[in-house]
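Enquirer: okay, structure incoming, though there's no sequence with it:
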């Protein structure tokens with residue numbers, strides 16, 4: 001199974017499936033604001049097991065740079081769900097980092113509508129969609145200087161790039177637009193998924209607390225577990241092997257007892 005269909009521009013293959021093993025879950029990775037599929041290559045390379053790994057390029061990102069950006073998260077979720085369903089996977093493991101977690105929630109809902117089984121949703125470094133909607137956030141409205149300071153301070157942007165104004169001129173509008181989509185997204189009231197959720201955070205991330213991660217328990221009718229890995233908000237970039245191990249376990253082994261039951265029933 002490879003994304004050699006009309007969905008190829010949406011899904012970028014980072015790791016081939018083991019041709020000897022049939023029915024292995026497809027792992028789908030959704031990046032944070034302003035990023036493209038390439039950010040997850042170290043994660044895919046560190047994974048083991050037979051699963052294929054694909055990562056998403058949102059419109060206006062990566063190989064889809066010339067496309068107009070998506071108007072909202074619902075459109076993104078439907079587009080990604082269509083692309084994944086077109087591959088006819090036996091089942092899917094979804095991973096989203098930061099903004100990608102908000103997208104991942106809508107993708108999980110879309111895959112349920114398309115009768116594609118989601119084995120687990122892993123939401124990284126993000127409050128739940130309903131919690132985000134209940135807050136008043138306006139990071140997308142801050143000045144370029146403040147936005148750059150936030151990105152560099154949290155490890156999402158190399159400080160060396162501050163000396164590349166032409167590159168920043170291209171990057172900042174994309175980052176700002178994604179941030180806006182996440183902050184202004186209003187999920188369907190009471191919407192939940194019927195799949196297990198793992199909410200994972202960086203142990204040194206001051207922006208997302210254990211309570212924030214536990215809030216994902218209200219987004220699922222299945223179990224929700226909270227886990228922490230070393231690193232800050234962008235732990236997936238700092239230590240990709242940790243997320244690789246977590247996703248390998250989610251795809252190929254029993255996830256074991258949850259570290260914390262956060263509100264959803266335990267399946």
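Expert: Great, that's in hand. Since the structure is predicted, the reported quantities are computational estimates derived from the model, not experimental observations. Residues are numbered from 1 along each chain as shown.
Enquirer: how near is the residue nearest to residue 26 when sequence neighbours are not counted to residue 28?
Expert: Nearest residue to residue 26, sequence neighbours excluded (Cβ to Cβ, 6 or more residues apart in numbering): residue 89, at 3.8 Å. Every C-beta, even on glycine, is put in place using the N, C-alpha and C of the backbone. Going from residue 89 to residue 28 by Cβ to Cβ, to the nearest Å gives 9 Å.
Enquirer: what is in contact with the two at once?
Expert: Shared contacts of residue 89 and residue 28 (Cβ atoms under 8 Å, 6 or more residues apart in numbering): none.
Enquirer: so the residue nearest to the spatial centre of the chain: helix, strand or coil?
Expert: By Cα atoms, centre = their mean, the mean C-alpha position of the chain lies nearest to residue 96, the distance being 1.1 Å. Judged by DSSP: H, G, I helix; E, B strand; the rest coil, the three-state class of residue 96 is strand.
Enquirer: list the contacts of it.
Expert: 29-30, 102-105, 107, 121-124, 126.
Enquirer: could the residues you listed go into a markdown table alongside secondary structure and neighbour count?
Expert: Below are the contacts of residue 96 laid out as a markdown table (DSSP: H, G, I helix; E, B strand; the rest coil; neighbours: other Cβ atoms under 10 Å):
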| residue | secondary structure | neighbour count |
| --- | --- | --- |
| 29 | strand | 28 |
| 30 | strand | 28 |
| 102 | helix | 27 |
| 103 | helix | 31 |
| 104 | helix | 29 |
| 105 | helix | 30 |
| 107 | helix | 31 |
| 121 | strand | 29 |
| 122 | strand | 24 |
| 123 | strand | 30 |
| 124 | strand | 29 |
| 126 | coil | 30 |
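Enquirer: make CSV from those residues and add distance to residue 67 and pLDDT to it.
Expert: Below are the contacts of residue 96 laid out as CSV (distance: Cβ to Cβ, whole Å; pLDDT from 0 to 100):
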residue, distance to residue 67, pLDDT
29, 19, 98
30, 17, 98
102, 20, 98
103, 16, 98
104, 21, 98
105, 23, 98
107, 18, 98
121, 26, 98
122, 27, 98
123, 26, 98
124, 25, 98
126, 24, 97
